[in-house]
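> this one's structure only:
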């Protein structure tokens, strides 16, 4: 669908906020806390951005976009847009849902990871549900949406920490995560290193995997040549065999063979290219699937994952 940028604003250093609405003023599709939209940009670029406004709002979507120095084109293109520009977007999708039945929720955000976390805080505040929000950035100027976090509904719930502050004022994860009550759920979003530290600290304190929820914005770079050799994929519908070289992705090999599989992030984050595996053992390298989904070995993300067996039979 098409929406117009009705407001563009500075949310923090290098972070722009965008308020999107339909030109005719009609209601937008409803969404739940943690949801994102696909934004279609010129040149065939598709990027995912989390919705950070209240899920109770139907007249607008609000997203925040960090300008990445090593951008593959998405963040630079977004920052170049002006108010009044028209965008094509998808309906909201949610791979990072909030468990509204939790007795307590702990929300952790690092950098631009505040966007889905803020949407969760909005929903929990509306439900009058107990929660804490812990937001970590390098310095105050890089903390996005600080004005909203300072509003009365988040008083006593939102805590900000800065790497530039004295050590005594930074977050103590071990103390914050010491009590792993069964009804408490933890949500974390941000850089991969930040997510790993939060989850590892929680696990060491006795949190179960069922209590832990995370969303990545990017995956670690893969060195295909150093990790595995060549293999084959077979297309079940036609029986065709496609060779995947040691230094190329499955998506690249399929594209070269004229086989179109929808992609977006190309990093194993968004799940757009998720493909069923009928035979063989995938070598999972994404950050999208859960451990249980990986263990089932019946699907994989061909944009980044490879094969442990000489042949993968795909439902294509």
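Cool, got the structure. The structure displayed is predicted, hence computed values, not measured ones. Numbers count the residues shown, from 1 in each chain.
> ok, then the element right after the helix or strand encompassing residue 38?
Under the criterion of DSSP states H and E, residue 38 resides in strand 36-41. Per DSSP H and E, the first helix or strand lying C-terminal to strand 36-41 is strand 45-50.
> for the helix or strand following that following strand, what is the average pLDDT?
Remark: after strand 45-50, the chain's next helix or strand is strand 61-66, criterion DSSP H and E. Averaging pLDDT along strand 61-66 yields 97.
> each with direction, which strands does strand 61-66 pair with?
Paired with strand 61-66 in the same sheet, following DSSP bridges, are strand 15-21 (antiparallel).
> re earlier: how far does the strand holding residue 38 sit from the chain's center?
12 Å (Cα atoms, centre = their mean, to the nearest Å).
> again, but for stretch 150-170
23 Å.
> span of it from start to end?
18 Å (Cα to Cα, to the nearest Å).
> residues in contact with that stretch?
121, 125, 131-140, 143, 146, 148-149, 171 (Cβ atoms under 8 Å, 6 or more residues apart in numbering). For every residue, glycine as well, the C-beta is placed using N, CA and C.
> narrow the residues you listed to those in helices?
121, 125, 146, 148-149 (DSSP state H).
> which one of those residues is nearest to residue 246?
Sorting the ones in helices among the contacts of stretch 150-170 by distance to residue 246 puts residue 121 at the head of the list, at 45.1 Å, by Cβ to Cβ.
> I'd say that closest one and residue 134 touch.
No: using Cβ atoms under 8 Å, residue 121 makes no contact with residue 134, being 10.8 Å away.
> which one's more surrounded, those two?
With other Cβ atoms under 10 Å as the criterion, residue 121 and residue 134 differ in neighbour count, and residue 121 comes out ahead with 29 against 21.
> residues contacting that one?
107, 131, 133, 154, 157-158 are the contacts of residue 121 under Cβ under 8 Å, 6+ apart.
> of the residues you listed, closest to residue 59?
residue 154 (21.9 Å).
> distance of the closest one relative to residue 42?
Look at residue 154 and residue 42: by Cβ to Cβ, to the nearest Å, they are 37 Å apart.
> out of those two, which sits in the more crowded spot?
Between residue 154 and residue 42, residue 154 has the larger neighbour count (other Cβ under 10 Å), namely 18 against 8.
> strands of the stretch 101-250 of the chain, start to end?
Applying DSSP state E, counting those that start in this stretch to the stretch 101-250 of the chain gives strands spanning 104-110, 131-137, 158-162, 184-190, 212-216, 231-235, 241-244.
> dump the ones you listed into a markdown table; add mean pLDDT as well.
Compiled in a markdown table, the strands of the stretch 101-250 of the chain are given as follows (pLDDT from 0 to 100):
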| stretch | mean pLDDT |
| --- | --- |
| strand 104-110 | 97 |
| strand 131-137 | 97 |
| strand 158-162 | 97 |
| strand 184-190 | 97 |
| strand 212-216 | 92 |
| strand 231-235 | 94 |
| strand 241-244 | 95 |
